[in-house]
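1. next comes the sequence, and after it the predicted model I'd like to discuss.
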Amino acid sequence: MNIFYAVLTLGILSGLFGLVLAVASKVFEVKTDPKLDLILDCLPGANCGGCGYPGCAGCAAAILAKEAPVNACPSCSGPQTSRIAAVMGVEVKAQERRVAFVRCNGGSRASRKFERYVGLTDCVAAMKVSGNGTLDCAYGCLGLGTCVQACKFDAIHINAHGVAQVDQSKCTHCMQCAKACPRHVITDVPYASDIMVPCGNKDKGPSAKSLCTVSCIGCRLCEKNCPAGAITVTDNNASIDYTKCTSCGVCVEKCPRKLITDIHATGKVEPVG
């Protein structure tokens, strides 16, 4: 009988506590704007941080509060951004799609990249342990995959030449790979661009030649021959102004190192040496 009363008492107490909690949840309920959930549903849910806010929830809250534009998420596609704009009752201008790009093609050093470093498979760790990491070139990709770990969209991998390579079809331009790279060799380019300079070496010609068989040597032949004035050499390294580039391919033909690449013609950036 004592057990019966004990169970009955516990049942009554449980019911009372449940009722109290139910009432409290209604009394202290925090009202949220239904638009918040609608915006959140449009975001990818990767919490990559590419928008500069703490995850997708933070981005959605900022958009709702009009502290961020409706296209704040770099990982959203055009239709997703349009849906967010519709929720917010505004128009959104079409933006040119951009993707990450690794300014290093690996060169001819893949076979000796681990000569001076044995340790964690991490670029930051390699830099801390051996200063220049695993390469003679101070501007090259270390190829230890820190950027791969940072990418939430499986859009960057280490290729057969020991260098990071972006799958542009998967890249969402969150640029977390660039933030993670201790060498700062990852930049961004327009998705529709053809011509690439996969090298960031700023050493003078003789030094650059001694370190890599396909590095930019700052010879300026590309700059001198570009009919659109779209390619310039600064600090011994060529770079392209894509607002001027017509993808004529003259720089590709004139480059004596065969470094400048037309990726739509070759399908991908591949080292020659």
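-> Nice, I can see it.
2. pLDDT weak spots in the chain?
-> With pLDDT under 70 as the threshold, the chain has low-confidence stretches at 1-2, 4-5, 7, 26-31, 107-118, 130-134, 264-273.
3. what segments of it are strands?
-> Counting by DSSP state E, the chain has strands at residues 98-102, 156-158, 164-166, 186-190, 195-196, 231-234, 237-240, 261-262.
4. tabulate those (JSON lines), appending distance to Leu120 and mean neighbour count.
-> Placement of C-beta: from N, CA and C, glycine included. Output for the strands of the chain, formatted as JSON lines (distance: least, CB to CB, whole Å; neighbours: other CB atoms under 10 Å):
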{"stretch": "strand 98-102", "distance to Leu120": "21", "mean neighbour count": "23"}
{"stretch": "strand 156-158", "distance to Leu120": "15", "mean neighbour count": "19"}
{"stretch": "strand 164-166", "distance to Leu120": "17", "mean neighbour count": "23"}
{"stretch": "strand 186-190", "distance to Leu120": "20", "mean neighbour count": "17"}
{"stretch": "strand 195-196", "distance to Leu120": "30", "mean neighbour count": "24"}
{"stretch": "strand 231-234", "distance to Leu120": "35", "mean neighbour count": "17"}
{"stretch": "strand 237-240", "distance to Leu120": "30", "mean neighbour count": "20"}
{"stretch": "strand 261-262", "distance to Leu120": "32", "mean neighbour count": "20"}
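5. next, the contact list for the residue most central in space within the chain, please.
-> Centroid-nearest residue in the chain: Met175, 2.5 Å away (criterion: CA atoms, centre = their mean). When contacts are counted by CB atoms under 8 Å, 6 or more residues apart in numbering, Met175 touches Gly50, Pro74, Ala100, Ile186, Asp188.
6. can you put the strands of the chain in TSV and add distance to Leu8?
-> Below are the strands of the chain laid out as TSV (distance: least, CB to CB, whole Å):
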stretch	distance to Leu8
strand 98-102	65
strand 156-158	63
strand 164-166	67
strand 186-190	67
strand 195-196	77
strand 231-234	84
strand 237-240	80
strand 261-262	80
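7. so which of those comes closest to Ser14?
-> Ser14 lies closest, by CB to CB, to one member of the strands of the chain: strand 156-158, at 53.0 Å.
8. how far does the closest one sit from its chain's centre?
-> Offset of strand 156-158 from its chain centre (CA atoms, centre = their mean, to the nearest Å): 11 Å.
9. can you list the strands that it pairs with?
-> Neighbouring strands of strand 156-158 in its sheet, by DSSP bridges, are strand 164-166 (antiparallel).
10. now the strand it pairs with, how far from the centre of its chain.
-> Distance of strand 164-166 from its chain centroid, counting by CA atoms, centre = their mean, is 10 Å.
11. quick one: contacts of it?
-> Strand 164-166 is touched from outside by 99-102, 104, 141, 143, 145, 147-148, 155-159, 177, 185-186, 268-269, with contacts defined as CB under 8 Å, 6+ apart.
12. and what of stretch 70-89?
-> 35, 38-39, 42-44, 46, 48, 50-53, 56, 59, 62-64, 66, 90-92, 94-95, 153, 172-175.
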